[in-house]
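Below are the sequence and a predicted model for it; my questions follow.
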Amino acid sequence: MKVEPSSVIVIVNSLLVAIGLIVGGAWLAHGGLSVSEPTRRQNAGEAILQFFVGKAGDMAHGEQRDRIMRLVAPFLAVLFLFIMTSNLLGMVPLPIINRPPTSHFSVTLGLALFAVGGTLVISGAIKGAGKTFLHLFWPNPLQWVSEITDVMSLSLRLFGNIAGEYMTVALVVLVVPIGIPLILHALGLIPAFVQALVFTLLTASFLANAIVHEEKSEPSEKAAKQRHKAAAPRVTAEGRS
Amino acid sequence: MNEVWLALIAVLPIAVGAVFASVAMRYVSTSAIDGMTRQPEIAPQLFTAMLIGMALIEALCIYTLVVTLVISQKM
């Protein structure tokens, strides 16, 4: 069996990203945490954490709010941080680790399978396995097809964006090696962030669909009132600050 | 001569797809910016919704890119 060098590079690079994230997260969270006098490091870590907890809090309401947030926030954080770090790897000016892992279709397919499978697992943990299984076939018996198309669309979108940008830069470098690639890299910062955000937001909306499904059975006015109550204190707190 | 025609046919999907995707994105971004200027306080929510809408449009364009890549690798 022949192993292509590009797949080895991609595997090594995704391992590098994972190791970097684990080491970075451990560095942000290790020892010396305090409530009264947070250090700079702790503030940085909390700011990153707050972003994902806020995203998870937007979709969770009702009795199990805390539990949903505790399950969903790390899931979204892992996806977002891994994808964004992988995308940014293309800007590192070193020859071999210059190739972003997300420009390889296997990596994005794996990420999309992880996202959709994780959606099913989390909704199973919250609603119970029976209801999650039923959700695949009810009310529409072909509901499970949408899970497959979700995997396809998530993986193809990420792959197309990052691989397209990588190929463009690689072709331009062949023609003009100095100057112009810098501009392309600067423009590439935008999709690197936006694609990670889009992947995470779409996963969050799939999750919200899977979890909140049963709330539709209760009268909609009551649900809207509850949502309004839950949202009201947050708005005033933001207004004061 | 035949190869030139084949190459043109291979890049046709991405050309047409990009044109229509950009037209659709124009509608999304103009209406999002309209909403943001009218009500700046809900700009973050509108921005999120705009990103999701753009991502869904862009996915169609990316499918044509994949088709183009598949055709051009078969040539």
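Thanks, I have the structure now.

Correct me if wrong: A:Y166 contacts A:R99.
Yes: the pair A:Y166 and A:R99 passes the contact test of Cβ atoms under 8 Å, sitting 7.1 Å apart. For glycine as for every other residue, the C-beta is placed from the backbone atoms N, C-alpha and C.

any common contacting residues for those two?
A:G90 (Cβ atoms under 8 Å, 6 or more residues apart in numbering or on different chains).

measure A:I122 to chain B for me?
20 Å (Cβ to the nearest Cβ, to the nearest Å).

Which residues are in contact with that residue?
By Cβ under 8 Å, 6+ apart, the neighbours of A:I122 are A:71-72, A:75, A:207, A:210-211.

The residue in chain A that chain B sits nearest to: how many residues sit nearby?
For chain A and chain B, the shortest gap (Cβ to the nearest Cβ) falls at A:G160, measuring 3.3 Å. Around A:G160 sit 23 other residues, with neighbours defined as other Cβ atoms under 10 Å in any protein chain shown.

Which of the helices or strands spans it?
Assigned by DSSP states H and E, A:G160 belongs to helix A:143-175.

Report the buried residues of that helix.
Neighbour-count burial for helix A:143-175 flags A:150-151, A:153-166, A:169 (criterion: 16 or more other Cβ atoms under 10 Å in any protein chain shown).

residues in chain B within reach of chain A, list them.
For chain B, the contact set with chain A under Cβ under 8 Å from any Cβ of the partner chain comprises B:48, B:51-52, B:54-55, B:58-59, B:61-63, B:65-66.

Compute the number of surrounding residues for the nearest residue to the residue of chain A closest to chain B once chain neighbours are set aside.
Excluding its sequence neighbours, the residue lying closest to A:G160 (Cβ to Cβ, 6 or more residues apart in numbering or on different chains) is B:I62, at 3.3 Å. Burial of B:I62 is recorded as 23 neighbouring residues (other Cβ under 10 Å).

residues touching B:I62, list them.
So B:I62 contacts A:156-157, A:159-161, A:164 (Cβ under 8 Å, 6+ apart).

Dump these to a markdown table, plus pLDDT and distance to A:F105.
Formatted as a markdown table, these follow (pLDDT from 0 to 100; distance: Cβ to Cβ, whole Å):
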| residue | pLDDT | distance to A:F105 |
| --- | --- | --- |
| A:L156 | 91 | 8 |
| A:R157 | 91 | 12 |
| A:F159 | 92 | 5 |
| A:G160 | 89 | 9 |
| A:N161 | 89 | 12 |
| A:G164 | 87 | 12 |
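
Would you state the predicted confidence (pLDDT) at whichever residue of chain B sits closest to chain A?
Residue nearest to chain A within chain B: B:I62 (3.3 Å; Cβ to the nearest Cβ). Note for B:I62: predicted pLDDT of 86.

Also A:I68?
The model reports A:I68 with a pLDDT of 84.

can you tell me the helix or strand for it?
helix A:65-88.

quick one: secondary structure of the closest residue to A:L197 other than its chain neighbours?
The shortest distance from A:L197 to any non-neighbouring residue, by Cβ to Cβ, 6+ apart, is to B:L51 (6.4 Å). Here B:L51 is recorded as helix under DSSP: H, G, I helix; E, B strand; the rest coil.

need the contact list for B:L51.
B:L51 neighbours (Cβ under 8 Å, 6+ apart): A:194, A:197-198, A:201.

Same check on A:Q42?
A:Q42 touches A:28, A:32-34, counting by Cβ under 8 Å, 6+ apart.

Low-confidence stretches in chain A?
A:1, A:212-241 (pLDDT under 70).

Could you pull out the helices in it for me?
Taking DSSP state H as the test, the helices found in chain A are A:5-29, A:40-59, A:65-88, A:105-127, A:129-137, A:143-175, A:180-212, A:220-240.

For residue 30, grab the count of nearby residues.
Using chain A here. 10.

Oops, wrong one, chain B.
B:T30: 10 neighbours (other Cβ under 10 Å).

What's the per-residue pLDDT of it here?
96.

in the helix ranked longest in chain B, what counts as buried?
Scanning chain B for the helix with the most residues, using DSSP H, yields helix B:2-38. Using 16+ other Cβ under 10 Å as the test for burial, helix B:2-38 gives B:10, B:13-14, B:17, B:21, B:24-25, B:28, B:32, B:35-36.
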